[in-house]
Structure formats: C-alpha cells, structure tokens
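Engineer: Could you work out the structure for the sequence below:
(chains A and B, ligands or ions: 1)
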Amino acid sequence: MADKELTVSQAFRSVGQPLSQIDSAGKTTGLTQYLQDLSVPGMLHGSIVRSTIPHGLIRKIDTSQAERLPGVRAIITAKDCPGVLFGPQKPEDWEILCQDRVRYIGDEVAAVAATSPEVAKEAAQLVRIEYEELPAVYDPFEAMKPGAAVLWEQHPDNIAYRFFIERGDVDEALAQADHVFEHDFYTGRFYHAPMEPIGCIVQYQADGSYTMWGPTHVPFRSRMTYSKGLGVSMAKIRIIVPPFGGSFGMKYELNVNCIAAVLAKKCGRPLKFFYSREEDISAGHPRMGLHFHFRLGINRDGRFVGKEARVVGTGGARTFWTPPVLSTACYRIDGLYHFQNVRTEGLLVYTNQSPATCFRGFGNAEALTAFETFIDEVGEKIGIDPVQLRRMNSVKSGDLTLHGWNIVSCGYQECLDRAEEVSGFRDRNQPPKVPPRRVVVRGIGLAGGNHISGNRVIIDEFDGSSAQVRVGFDGQVDVIVGDPDIGQGMNTVFAQIAAEVLGLDPTSVRSLPVDTLISPHGIGTLGSRGTTIVGRAVQLAAEDARAKIVTLAAEMLGMEPGRVEFQGGNASVAKDGNRRVSMREIGTEYSTRHGGAYLVGNGDFTPPTEFPDASKYGNLSAAYVFGVHVAEVEVDTETGAVRVVNYWAVHDSGTVINPSTATGQVHGGVAQGISSALTEEVLVKDGLVTNPNFLDYRIPGFQDIPEMHVEFVETQDPYGPFGAKSIGESSLNPAASAVCNAIYNAVGVRVHQTPVTPERLWKLMETARQGEGKK
Amino acid sequence: MAEPKTTEYVVPQSVGEAVEALSESPKARVIAGGTDLMVGMREGHVHPTRLVDITRIQELIGISTQNGSLRIGAATKIDEILHHPTVRSEYPALVDAGQLLGGWQIQNMATLAGNLCNASPAAEMSGPLLVLDAEVEVMGPSGERRIPLGEFWTGPGKTVLEPAEILTTIVIPGKVSGRLSAYQRVDIRHSVDIALVSSAVGVELSEGKVQLARIALGAVAPTVIRVTEAEAYLQGRTLSEEVLDKVEDLAEAAAVPITDVRASAEYRSAMAGVLARRVLLLAAERG
Ligand SMILES: Cc1cc2nc3c(=O)[nH]c(=O)nc-3n(C[C@H](O)[C@H](O)[C@H](O)COP(=O)(O)OP(=O)(O)OC[C@H]3O[C@@H](n4cnc5c(N)ncnc54)[C@H](O)[C@@H]3O)c2cc1C
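Structural biologist: Next up, the predicted model:
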C-alpha cells in the first residue's frame, strides 16, 4: 500500500517507529495459542440448546434422550442456575438459561457437557422442548405500537432504554432558520466477523471459585457482571485473557461464560464452549440496526442553527451494550459540528432477535453514515460546497462544545484540506441528473468523522488507568496493565512508550497478558482509550521506574543522581562517559538488595474528564480525534454493482506512536467500513437469520478493497503519552458515508440505507430513471 | 436416530474399481475435490457411508484432443483447465467461468466434473459447456453411455446419473472450435461469491451476421437453461442495438427465477437480460 512516509520526530527514539507488532512472529507462524488451541486437563465440551422459535413459553424440557447418549456428562437447565436477572447494562435482563420463556431464535434454554464437541452438539439436538408459541415482533416501529407483542412485562411499550438530550431552543431555531432539511437513514445489522468466534474455557475450583479463559475487552467488568449472575463475589472469579482472534466489540461480557460456570460446577470438570460460525452469526451479538431521522436548520450562509434527531435502535431480545451505543449514536456527532441548538431522542427497542451489542465505532460510525450523507445533500441543495460546509460548522482546537466537551486539539480542518488535496476531490465531476445506462461510471465521495480517546461514562466509579513498569533480577523490563491488547497492537505501543522513557530497544520490553488475579483493575479496552489513557499510565510508570533507576545507578556509580544520564538502556556518567551500569546490573542489584523484589515503577493517570450532570453536560473524553476519508467508486449502472477503486484516509490522532500499527488500524477500519456500506448485513426473516455463513454474509476479500493512501496530520495534545490520541474507531467512522457519497457522485442517486447492495442500488436507479421518463 | 458417524474412504485405481466400490454400498458417493461434498456433509445435507475418491485414477486426469474434440477427464482440476493452451485460445468462456469459481485454493481442488455433477443452477462451468454443445461420458454397472449436457440435469442437485454411475469425461466436440464464447455473472462480493445470475454465450458469426447462437442462463431456473427463443431470433441477424434489445427482452422473459436470500426474482430476471446482452457482445468482440 502506498502510504506516505511519516516523518519521525527527531526527539524520539522509540516513539514514532513503524515497528511491526511484537507478537506478530507467533501469529504469522501459527505458534500463538488462541482459545481454541488451549485445553485444560480433564476438559469437557459444551453445547447450548437454543430456542427454535422466536417467542414462546417453555412448557416442558425433556433431557432423557440426550442423557442416554454415550459421552454425555451433564445437562443443565434454568433449574440449575441462580434465578437472578443480571447483565452488563440496565435494564438487566439476562438469565443464565431461560426460566420460563424464550425471546428469540437462539435463546439459551439448556446446555450439555460431553466428552467431545460432536457428542455435545448431538446431545443438544436430542433435548426436546415443548413451547407454547407467543406472537413475535421484529420491527422496532411495530414493536412500539400499542397491541404489539410484549417481550418483557416490565417494558409494556417494548422500549428498553430511552435517551434524551436538549440544549438551546430547537423549535425556535428551526422556525427561524433560512432552510430546514430532513433526512432518514437506516444502517443494517452488522456482524463483527472476527476470525475467532465466541468461546470460553471455565474451571470450577473446590473453594467455590471459577477460572475463566477467554478473550474479553473488559475482564474486570466481566467479573462484576458474572459475579452477580452466578451469585459469588468478584474475588471468586478469575479471568485470564489469551491472545484475541479478533473481536471488534463483540467479546465484552458473554453469557456463555456463566452457562459454562454452572455446567462446570455441576459436572466437576473444566469445560470449553466454542461457537460454530453459524451460531456466532445467528445467535451471537451483531451491531444493531439503527434508524436515524434528522431535521437540520441551516442559514443561507451555511451556518447550522439547530438539529433535531430521533434515533431508533433494534436492540434484540436482551440488553448487552446497546444503551451506551444508542446514546453515542444520538450525540457524539455534536462534538464534530456546532449545531447551536439540539434535541435528540433515542429509543432502544426490544424485538425478537438475538441481542445486539457494541461494534467498533459504537453508534457513532452509524450516526456519521447517516449525517455525512445528509450534509453532502444539504450542501448541494443550498449551493455551498459540502467540504466548505463542514469547515464552517466544525469544532476547532480550544472549543467548548454544547455538551461541555473540551476540544483541546482538533485537526479536522487540516484533515479536510489534506484529503481534498491528495485525492483530487476538488476536481470531481458533477453527478448525472439521471443514472446513465449501460456504462460503468466513476464517482468520488468525501466524509468526515470524529471520536473520543476514552470515555468518562464507561463505568460510574472512575476514569483512568494504572500501570506498572518493572525491572527483574535479569534486567528484563515488563509492562503490566489491566486492559488487554485486543489484537490491535496496544502491547507494542506500550513497549514503545516504556522503551522511550527508559532508552531501551522496544522489542526487548514485554507487555504481560491480563489476568484479573494479578493485573491492576482496568476499565478495559474500549472507547478507543488504550493508547491514550492506558498508554499515559505506562509512560508515568516508566518515568517512576526511571527515577528509581537513576537513584540506584548514582549509588552504584558513586555520583550525584543529577549527573546520571540514560544512554541506550544504560545509566551512565554524564561527564567522563566511561563508567556505566546496564539495565541488567540495575535489576540484579535491586533484586539482590531487596530479597528478589522487582524494581517497580507505578503510574496512574486520571484524565481531566467530568461525569456528565443530569442534562448530560460534562467533558467526556481526554482527547477528541478527527478524520476525513475520500472514496472513489465505479458503479455498473446496469447491475448496481459498486467497486471501490481508490481510497484516501487522513487522520488526526495526535502523535502517532507507531505508524505501522496506526496505519494497520486504518486499513482494517476502512475495509470494514467499505463492506458495511456495500455488502455486510445480517438478514433476518421472521426472527430467523437467513445468511449465517460466509457465503451469504459477505465480508470483504482482497478484490473488494482498493489501494489505500493513509496519512496523519499530527496535532499536539497534552494528555495522552507524548501527545498521542486514538485511531481504533475513528479509522472506521467516515468510511461508509464516503462510499455512499461517491455512489451519489457517480450515478446521481442518494442512498438512505446501508449496505447498498447491487440490487438496492439497481432499484434506486430504476426508480430515478422511471421518474425521469414520466417528466 | 442419529446418523451413522463413520464414513469409509476408498481410493480406487481404475474406473472399474470405482464403479464396483460404488455398487457395493448403497450410500456411497463419489468424492473428487470435495469442495461441494464436504460442505454438504458438514451441514448435514448428505450422509455418505463410503466416499469413493476418483482423483487417483490416471485415466480420469488431464485434457486431451481426439479427432478435434477436447476431452477433459473427470478428475481434472479447474486450475489445470484454466492453464490449458487450447482452452485458453479456443474456449475463453471456460476461462471466464473458471477464474470466477471460488478462489485459487478452490480452483486447485475443485474438478470440472464435480461442478457439473453437483448440479447447482448457479454452477459456474455449466453454462459455458452448454453453449459449446458439450457431452458427458458416463460409466456405470451396466456399461458406458454418452449424454448431451442439455439432458444431464433434472433439477437443483439432480442429474440423470444412475446410482454407481460415474461421469468420466467431458467432451467438447470438434465442430464448435471457432465458436466465439464468453461468460459473466452478477455477484455481490468480488472475491469468492456465488452467481446471483450468470450467462454464457457461444456464437458463430460470418460477415457480421449470426450463423448460430447459444445463450445460457444460470441461477434463474431449477437448472441452467438455454434461451432458445433468442438463439432462433439471432439467426442471420447482425448485432444492432435493436437486435440486442430484443435479445435482452427474450432472455429476461426466459428466466423463471425464485426470490431467495441472495436476490429477488425481479432483479434476477432483469439481470438475465442485462447479462445475455452483455455476454453476447463480449463473445462477438472476441472474433
Ligand atoms: C469457498 C467455495 C467457493 C466456491 N465457489 C464456487 C463458485 O464460484 N462457482 C461454482 O460454481 N462453485 C463454487 N464452489 C462449489 C464447488 O467448488 C464447485 O462446484 C466444484 O467444481 C465442485 O467440484 P469438486 O471436485 O470439489 O466436487 P465434489 O465436492 O467432490 O463433488 C460434488 C458432487 O458431485 C459428485 N461427483 C463429483 N465428481 C463426480 C463424478 N466424476 N461422477 C459422478 N459424481 C461426481 C459428488 O458425489 C458430489 O455429489 C465453491 C465452493 C467453495 C467451498
């Protein structure tokens, strides 16, 4: 890929180096042990008995036939589980196994432990369940109507969660505005498609505790959720996070861990669950479908004066991380543009589908897909270049937004300038009035986006992270944090940060895996907080270690601490330059003096964020990031097929600690964004997922992803390590709208729904042509 | 009751042995590349008790010419066909289709015969062979027979093969050499997908006039079909806009597709027309 050479600040030795991920050798040679490679002595295999109907009462469960199958060791139903409702978010509506009612095809009714995965699966199929079917509802608007099937009696309107925010006087602003435009958009149900599906290994110990192995972004929060479900204290749950086989937001808290815990206890043997691809797609937890309705007030000069929005989410039958996703979809965009007056209502609706959860972009990717296509249209309608419209209305460095967010640094303008320049977007053609026939036409589209670097509201108690950097007897430097690397390269970045402070070769520094028994309490790896918040704690821990090393080195060298300087990992004398002690000697000396102890540097970082008040006012994030994408597409005007042929992405992520991993994030984000725009959608018919495989659920392949030109404009931000902000989610956010805008530029029809499959675009083009024919 | 879980695997060295191995066991199945069969077994659609691997039978491997006709052995991989000089120069529709069949890994495993015997209406190679008037040779317990490809399929997943019969050779007759051909499909993903609709065209032109035309459509009926109305209409005509429009209409009318998770019937019908016209032009341009 033709990425621009990044200029590395001369002041840094390790920060700014395009290192490949420190664990890539294992991953590329197959030596890395993922969950599916792990086993525990005596381990059995589990399989979940899932509901085959979308909604109904459980009349009878007959396990007798399954129990007789050779190799079956235990079968559990709700009777074996603590009956409490629990879950990661409010409303708490998880049951370990369904007590008396199923609410989606795939709902968890019973579970089997057996000597092999095959026997477990076969036994699961032999469990007979009698239901009394209830009417079901799938469409969120239908679900909110009086008389619709009700999923949870506590929520007779099927509304699981309502979000509301209002600032200023929107009605007045829209009444006074020169123009008011409206826009509807729907983003479809979208599967994370990690290479590794959901799974876990759980072992029950004699002291009543559980050890759980499995990838999770939030091991400490998971402990909290599972402890309520299982009715044990948090200390009784130990979570060990193996290398991730991908997640993108799917693997937070997962009920299968609790199912496995109950089953492991019952049969007294450790147990593994590992979903099949079909199970992962159809009974797993995709990104929810979101309907957006916007009304935007804008003056002749292009200033936004007010925005009203309604966002409706199809949450599914239970609540995972959809409430904060919905909130984010409702108001994150208010940190990109100054709307002056806003009012947004968000509704999360129960439907008889598998419960959705968060996905990279966390609602903001969807909101941007909806809004950045709208702004393109609005600009055209009032005759102001849409890039100019973005420039005029966007936040700038030093701004305080409507909701109290401190935009300390903002490179959005620079991203817009640079993206326009490198992509040739300025010289684009006008879209055709009517889609032409029998040609392949090109179009180019631009879209912007924003995101956060950590979020105050992830947990109530605090925002921040802590880290340790320690030097052992052998001089080995390790970084210890409580927030797992989810495959994106965070551990490499931490090694670079520590190495920068300690003057070491970053490949010599290790970042240890997360184990809740040992690691500090981490909020987790989400909200694009890893590099910024955890990274800053690592920097501070390394600085603490460095101070201790300097003191010790001065003693060992018999000199003033102020005269000791760091050179290539050696503390050495400033003046005569001959005497030096190595990190190894430091480690040995410290350890020897202290009964084998590590030399430990501690660091903790609490960003200057504020827990929002009742009106949701308060600075959410340590740092805000921005990006602009430009997509060039070819559209077959006869079939509706779209091919993205060129792509530019320019991001403001503050200081780029590792250009290689940061660029990798952009490559992945763009690929995901392109296919969210064009091909990927979990299709559900009467509650049944009809495309639970990679033939009909189409993730992109090489031929679907164009060459990408990735650049960073580096702003200065005070809070992250060395000025670093984030990239994980912002890399995806503008992509789908850039593609949609490019499609418009090519054929002159606006899309209002993603993915834009060939058939959908063909229909839109046919309708446009027929409309023209009638004139 | 649960299906038997053990499957016997036999590797015969000759066609005779293979037929025998198949006759012995009522639920025996031929396995070639296994790229359809293994997926079907995993999904629980088929439960063979014995797999008869035909890929080690030397007489079934490779491509040869005999009296001008091209003979492709049943165990020949798609990749080998793609690289065969005669195929590349004379039968470009097979190359068009073979390149779309799966990805490289699949092309290295999959056989042409497997693609035909699997009898998917969306199968890539069926249309191209149909418009080249191909025939298949079959060997079974009661001897050998030869079947025109147009009579080979009876429905989705169904062929005229009797139990224990093996397709041994695909024959493209010498008389079609010089016929221009092409193939295209409409799909959603550009890297590994299945045809929503496909079309293959074989056409013989003389001074711009159509002497003979064959138009096939895939994924718009229970089997791959020919658009005989369009073929007859084209006879003696030049490929003017008006004629192409008519071919498009006739192809669209010939399609009897279903609506499924991949596409609606309406879209498939429209695309049948679009593709037939496109592929006809593409084939003609190869002249
Ligand atoms: C990832 C993937 C992508 C794919 N993409 C495509 C695609 O783009 N287009 C497409 O058309 N197909 C595609 N396929 C399907 C498949 O690869 C092809 O149909 C292939 O040609 C089948 O050949 P095979 O040798 O693997 O057949 P097998 O799986 O070995 O056999 C298929 C069937 O035919 C029978 N059979 C095989 N050979 C004989 C014989 N000589 N005599 C009698 N019966 C026989 C078998 O018993 C079985 O029922 C794809 C498959 C996969 C897994």
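Engineer: can we go C-alpha only for contacts and neighbour counts from here?
Structural biologist: Fine.
Engineer: how close does A:Lys90 sit to B:Arg42?
Structural biologist: Per CA to CA, to the nearest Å, A:Lys90 is found 39 Å from B:Arg42.
Engineer: can you check A:Phe185 too?
Structural biologist: 39 Å.
Engineer: who's in contact with the longest helix seen in chain A?
Structural biologist: Selection of the longest helix in chain A by residue count, based on DSSP state H, yields helix A:535-557. By CA atoms under 8 Å, 6 or more residues apart in numbering or on different chains, the residues outside helix A:535-557 that reach it are A:465-470, A:479, A:481, A:493-494, A:497-498, A:501-502, A:560-561, A:564-565, A:571-573, A:579-581, A:586, A:590, A:599-605, A:719-721.
Engineer: Buried ones among the residues you listed?
Structural biologist: Neighbour counting with 16 or more other CA atoms under 10 Å in any protein chain shown marks A:465-470, A:479, A:481, A:493-494, A:497-498, A:501-502, A:561, A:564-565, A:571-573, A:580-581, A:586, A:590, A:599-605, A:719-721 as buried within those.
Engineer: Now, these that are in strands?
Structural biologist: In strands, judged by DSSP state E, the following of those are found: A:465-470, A:479, A:481, A:564-565, A:571-573, A:580-581, A:599-605.
Engineer: Break the chain into its domains for me.
Structural biologist: This is for chain A. Split into domains by automatic domain parsing, chain A comes to A:43-134+A:198-274, A:289-456+A:614-774, A:464-605.
Engineer: could you do chain B instead?
Structural biologist: Split into domains by automatic domain parsing, chain B comes to B:8-52, B:60-175, B:179-285.
Engineer: Would you tell me which one of those is buried the most?
Structural biologist: Neighbour counts (mean count of other CA atoms under 10 Å in any protein chain shown) averaged over each of the domains of chain B peak at domain B:179-285, with a mean of 21.
Engineer: can you give me the end-to-end distance of that domain?
Structural biologist: From its first residue to its last, domain B:179-285 covers 12 Å (CA to CA).
Engineer: Is the ligand within reach of that domain?
Structural biologist: Yes - remark: domain B:179-285 sits within contact range of the ligand at B:192-194, by CA under 6 Å from any ligand atom.
Engineer: give me the subset of those touching chain A.
Structural biologist: Contacts with chain A within the residues of domain B:179-285 next to the ligand, counted by CA under 8 Å from any CA of the partner chain: B:192-194.
Engineer: And those residues, which is closest to chain A?
Structural biologist: Distances from chain A to those, taken as CA to the nearest CA, are shortest for B:Asp193 (6.5 Å).
Engineer: so who does that closest one touch?
Structural biologist: Taking CA under 8 Å, 6+ apart, we find B:Asp193 in contact with A:695, B:102, B:187.
Engineer: Switch those over to JSON lines; also include secondary structure, distance to A:Asn158 and pLDDT.
Structural biologist: Converted to JSON lines, the contacts of B:Asp193 look like this (DSSP: H, G, I helix; E, B strand; the rest coil; distance: CA to CA, whole Å; pLDDT from 0 to 100):
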{"residue": "A:Leu695", "secondary structure": "coil", "distance to A:Asn158": "34", "pLDDT": "94"}
{"residue": "B:Gly102", "secondary structure": "coil", "distance to A:Asn158": "44", "pLDDT": "95"}
{"residue": "B:Asp187", "secondary structure": "coil", "distance to A:Asn158": "38", "pLDDT": "96"}
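Engineer: between those, which is nearest the ligand?
Structural biologist: Nearest to the ligand among the contacts of B:Asp193: B:Gly102, at 3.3 Å, using CA to the nearest ligand atom.
Engineer: Quickly find the element holding the closest residue to the closest one other than its chain neighbours.
Structural biologist: Distances taken as CA to CA, 6 or more residues apart in numbering or on different chains place B:Val192 nearest to B:Gly102, at 4.9 Å, with adjacent residues excluded. Assigned by DSSP states H and E, B:Val192 falls within no helix or strand.
Engineer: Is B:Val192 in contact with B:Leu100, as I believe?
Structural biologist: Yes - in this structure, B:Val192 is within contact of B:Leu100 by CA atoms under 8 Å, at 7.3 Å.
Engineer: Just say helix, strand or coil for A:Phe12.
Structural biologist: Here A:Phe12 is coil, with the state taken from DSSP: H, G, I helix; E, B strand; the rest coil.
Engineer: Neighbours of it, how many?
Structural biologist: Residues near A:Phe12, counting by other CA atoms under 10 Å in any protein chain shown, number 14.
Engineer: That one contacts A:Glu500, doesn't it?
Structural biologist: Yes - using CA under 8 Å, A:Phe12 makes contact with A:Glu500 at a distance of 7.0 Å.
Engineer: what's stretch A:251-264 in contact with?
Structural biologist: For stretch A:251-264, the surrounding residues in contact (CA under 8 Å, 6+ apart) are A:46, A:74-76, A:80-81, A:88, A:94, A:96-97, A:111-113, A:198-204, A:210, A:212, A:215-219, A:221-222, A:225-226, A:229-230, A:270-273, A:320.
Engineer: Which ones among those map onto helices?
Structural biologist: The subset of the contacts of stretch A:251-264 located in helices under the criterion DSSP H comprises A:219, A:221-222, A:225-226, A:229-230.
Engineer: Let's see if you can find the most crowded of those.
Structural biologist: With neighbours defined as other CA under 10 Å, the most crowded of the ones in helices among the contacts of stretch A:251-264 is A:Pro219; it has 29 neighbours.
Engineer: Leaving out chain neighbours, which residue sits closest to it?
Structural biologist: In this structure, A:Pro219 finds its nearest non-sequential neighbour in A:Ile239, 6.2 Å apart by CA to CA, 6+ apart.
Engineer: tell me which strands and helices the helix or strand hosting the one you found is in contact with?
Structural biologist: Element membership of A:Ile239, judged by DSSP H and E, is strand A:237-240. If you count contacts as 3 or more CA pairs under 8 Å, 6 or more residues apart in numbering or on different chains; DSSP states H and E, strand A:237-240 packs onto strand A:210-213, helix A:219-230.
Engineer: What lies in contact with the shortest one?
Structural biologist: Translated: strand A:210-213. Contacts of strand A:210-213 (CA under 8 Å, 6+ apart): A:35, A:200-205, A:236-242, A:257, A:261.
Engineer: Any stretches of the chain with poor pLDDT?
Structural biologist: Since no chain was named, I'll use chain A. Along chain A, the model assigns pLDDT under 70 to residues A:1-10, A:568, A:573-577, A:774-775.
Engineer: To clarify, I was referring to chain B.
Structural biologist: Applying pLDDT under 70 to chain B picks out residues B:1-5.
Engineer: how about 90 then?
Structural biologist: Where chain B drops to pLDDT under 90, the residues are B:1-6, B:26, B:43-44, B:177, B:191, B:287.
Engineer: Regarding it, what is its longest helix?
Structural biologist: helix B:265-285.
Engineer: quick check, stretch B:53-65 touching the ligand?
Structural biologist: No - on the criterion CA under 6 Å from any ligand atom, stretch B:53-65 is out of touch with the ligand, staying 7.1 Å away.
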